[in-house]
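In: How does the following fold in three dimensions:
(one chain, ligands or ions: 1)
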Amino acid sequence: MSDVLLSLKGLTKAYPGVVANDQVSFDIGVGEVHALLGENGAGKSTLVKMIYGLVKPDSGEMVLNGTPYAPAEPRAARADGIAMVFQHFSLFDALNVAENIALGMENPPPMRDLAARIRAVSETYGLPLDPYRTVGGLSAGERQRVEIIRCLLQDPKLLIMDEPTSVLTPQEVEILFETLRKLKSEGTSILYISHKLEEIRALCDHATILRLGKNVGECVPRDTSARDMAEMMVGTALKTPERSGRALGPVALSIKGLSVAAPSAFGTALKDVTLTVHQGEILGIGGVAGNGQDELLSVLSGEVLCAPGEVLLHGEAIGHLNPIRRRKLGVLAAPEERLGHAAAPDMSLTENALLTGSVREGLAQGGMINWGATRRFAQQVIEAFDVRTPGTENAARSLSGGNLQKFVIGREVLQDPDVLVVNQPTWGVDAAAAAAIRQALLDLAAKGAAVICISQDLDELMEISDNFAALNEGRLSAPRSAEGLSVDEIGLMMGGAHGMEVAHV
Ligand SMILES: Nc1ncnc2c1ncn2[C@@H]1O[C@H](COP(=O)(O)OP(=O)(O)OP(=O)(O)O)[C@@H](O)[C@H]1O
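Out: A predicted model of the protein is given here:
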């Protein structure tokens with residue numbers, strides 16, 4: 001094996017009710033792309049937060065380049081050559097790229113010099129980016145480039161990436177991988193967290209697998225099948241979602257020629273959207289993030305209102321009805337942003353269950369909340385969707401990303417919707433849980449519900465959809481039967497790579 005850059009020895013970190021990392025040890029080599037795999041809640045984020053100085057281990061030690069390493073804060077980690085690109089970007093929409101990058105620097109150089117350095121790094125690493133563009137106008141992939149370039153300006157020895165490809169198109173993933181391969185060839189090590197096992201097989205030299213906070217094995221991804229890796233994470237054999245033959249019923253929900261102005265300066269206007277979904281149908285809607293997905297969900301859920309006849313439910317006009325009134329009629333939605341939109345981070349799971357469940361589950365009557373029933377409903381969601389948490393009174397914020405996602409989807413599915421609209425239902429969810437969520441959507445459709453599944457995961461859409469349409473700059477393509485649709489055809493429906501340039505590394 002190559003020289004060791006970072007050695008983790010017996011790292012342990014406990015939270016109330018759960019040992020997030022239990023005696024985790026492994027080495028990351030110089031110039032190695034090392035994958036960190038594990039189910040939701042296995043402890044991956046906790047581990048990288050310890051490396052990046054955001055969380056202090058209860059016990060154990062780290063050795064960086066032969067020297068004891070115990071960063072008290074991220075600034076210390078950065079000074080020692082550790083950089084991290086987070087799942088959620090922390091950028092200011094109203095500022096330009098260079099200004100955003102300057103904000104994160106201890107001693108930013110004059111703007112012109114910084115812009116020149118950004119240009120140089122972006123050219124060297126094949127990540128085209130104009131330093132003077134306003135961040136609010138950038139696609140998700142371009143925003144990620146800002147974060148990556150911010151890291152590369154520090155000349156890191158170890159770059160940590162948490163789920164970097166979940167916001168990218170297939171073309172953008174290729175560009176990112178070229179960049180990472182170049183970094184590796186220069187001796188930079190990369191610690192790479194992802195649930196996308198085929199991507200790990202294509203990119204990573206080595207993988208460490210965590211289960212319930214423990215290191216349960218290592219493998220060479222190239223020589224291990226995705227299925228075997230998934231089974232190592234879960235400890236049992238994996239089930240592939242099964243779709244039973246379903247006959248589609250009458251039209252459940254429809255929109256005809258709907259145009260809606262952009263909700264904010266950086267939002268997307270919906271343009272002449274026409275959509276029909278039948279009872280028993282899963283309509284998959286693909287597209288690159290930021291092409292009107294949130295806006296479409298808001299129009300369907302009732303967060304954004306329109307003229308009554310612009311949205312029809314079983315032929316009845318509902319465009320003017322707010323989310324509560326639509327819920328009463330059976331139109332439920334689970335938005336993409338789980339912390340802050342789908343769930344209130346500081347509220348308990350019980351309180352979050354009440355937020356969307358009160359109407360259909362009868363949890364509040366005559367102005368009084370029935371907390372017993374609410375708790376039972378939250379518990380039911382936890383059990384049915386295998387949400388790993390100590391209990392219903394835990395704050396939504398304390399759940400790992402994937403577990404909160406399971407809660408958010410489960411909470412809607414269990415309310416027996418007539419029409420369910422979901423956006424990125426398995427975002428950040430591990431393979432086994434993603435399969436369970438997809439199966440739940442298929443089962444719901446099999447019972448006669450109409451499901452609209454907005455997602456950037458094309459494999460997911462192909463696995464569960466009956467019909468497929470793509471959103472591109474607020475326009476929805478005509479739907480096509482998902483059966484036999486090729487990736488190239490889908491790419492064309494999505495409008496290509498959204499102004500992306502091919503990397504010239
Ligand atoms: N701040 C916290 N307070 C309480 N519990 C926490 C906290 N952070 C993490 N945990 C718990 O520690 C465990 C490990 O969580 P972690 O976020 O590290 O998992 P993960 O492998 O990154 O999961 P995912 O793939 O879903 O992001 C989980 O059970 C989680 O609920």
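
In: Break down the stretch 201-350 of the chain into its helices, ranges please.
Out: For the stretch 201-350 of the chain, the helices defined by DSSP state H, counting those that start in this stretch cover 226-234, 293-301, 323-329, 349-361.

In: looking at those helices, which is closest to Ile148?
Out: Taking CB to CB, helix 293-301 is the member of the helices of the stretch 201-350 of the chain nearest to Ile148, at 23.1 Å. Any C-beta I mention is one placed from the backbone N, CA and C, and that applies to glycine too.

In: Quick check: phi and psi at the closest residue to the ligand within the stretch 251-400 of the chain.
Out: In the stretch 251-400 of the chain, the residue found nearest to the ligand is Ser400; the distance is 3.3 Å by CB to the nearest ligand atom. As for Ser400, its main-chain torsions (degrees, to the nearest 10) stand at phi -70, psi 160.

In: who's in contact with it?
Out: Applying CB atoms under 8 Å, 6 or more residues apart in numbering to Ser400 gives the contacts 40-41, 45, 388.

In: Can you flag the weakest of the helices of the stretch 201-350 of the chain by average pLDDT?
Out: Within those, confidence is poorest for helix 226-234, with a mean of 82 (mean pLDDT).

In: is that helix anywhere near the ligand?
Out: No: Helix 226-234 lies out of reach of the ligand by CB under 6 Å from any ligand atom, never closer than 9.8 Å.

In: Rebuild the helices of the stretch 201-350 of the chain as TSV, extending it with mean neighbour count.
Out: Below are the helices of the stretch 201-350 of the chain laid out as TSV (neighbours: other CB atoms under 10 Å):
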stretch	mean neighbour count
helix 226-234	18
helix 293-301	23
helix 323-329	17
helix 349-361	22
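
In: between those helices, which one is nearest to Arg181?
Out: Going by CB to CB, the one of the helices of the stretch 201-350 of the chain nearest Arg181 is helix 226-234, 20.2 Å.

In: any idea how far that closest one is from the chain center?
Out: Its chain's C-alpha centre and that of helix 226-234 lie 20 Å apart, by CA atoms, centre = their mean, to the nearest Å.

In: which ones are touching the residue nearest the centre of the chain?
Out: Geometric centre of the chain, nearest residue: Trp427, 3.4 Å, by CA atoms, centre = their mean. Residues near Trp427 by CB under 8 Å, 6+ apart: 166, 336, 338, 405.

In: try 6 Å this time
Out: Neighbouring residues of Trp427 by CB atoms under 6 Å, 6 or more residues apart in numbering: Ser166.

In: so it is in which element?
Out: Counting by DSSP states H and E, no helix or strand carries Trp427.

In: Asp22 now?
Out: Assigned by DSSP H and E, Asp22 belongs to strand 18-29.

In: Same check on Ser122?
Out: Per DSSP H and E, Ser122 falls inside helix 111-124.

In: Mind checking the pLDDT average for whichever strand or helix holds Arg143?
Out: Arg143 is part of helix 140-152, with elements assigned from DSSP H and E. The average pLDDT for helix 140-152 rounds to 89.

In: what do you get for stretch 38-47?
Out: Stretch 38-47 comes out at a mean pLDDT of 90.

In: So what touches it?
Out: For stretch 38-47, contacts defined as CB under 6 Å, 6+ apart pick out 13, 20-21, 36, 193, 210-211, 213, 233, 388, 400, 402-403, 430, 433.

In: Does it reach the ligand?
Out: Yes: judged by CB under 6 Å from any ligand atom, stretch 38-47 comes into contact with the ligand through 38, 40-46.

In: Which of those residues fall in helices?
Out: Counting by DSSP state H, those place 44-46 in helices.

In: For those, pick the one with the most neighbours.
Out: Lys44 (29 neighbours; other CB atoms under 10 Å).

In: still on that earlier bit, any chance of the helices of the stretch 201-350 of the chain in TSV with distance to Asp27 as columns?
Out: Output for the helices of the stretch 201-350 of the chain, formatted as TSV (distance: least, CB to CB, whole Å):
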stretch	distance to Asp27
helix 226-234	19
helix 293-301	40
helix 323-329	50
helix 349-361	38
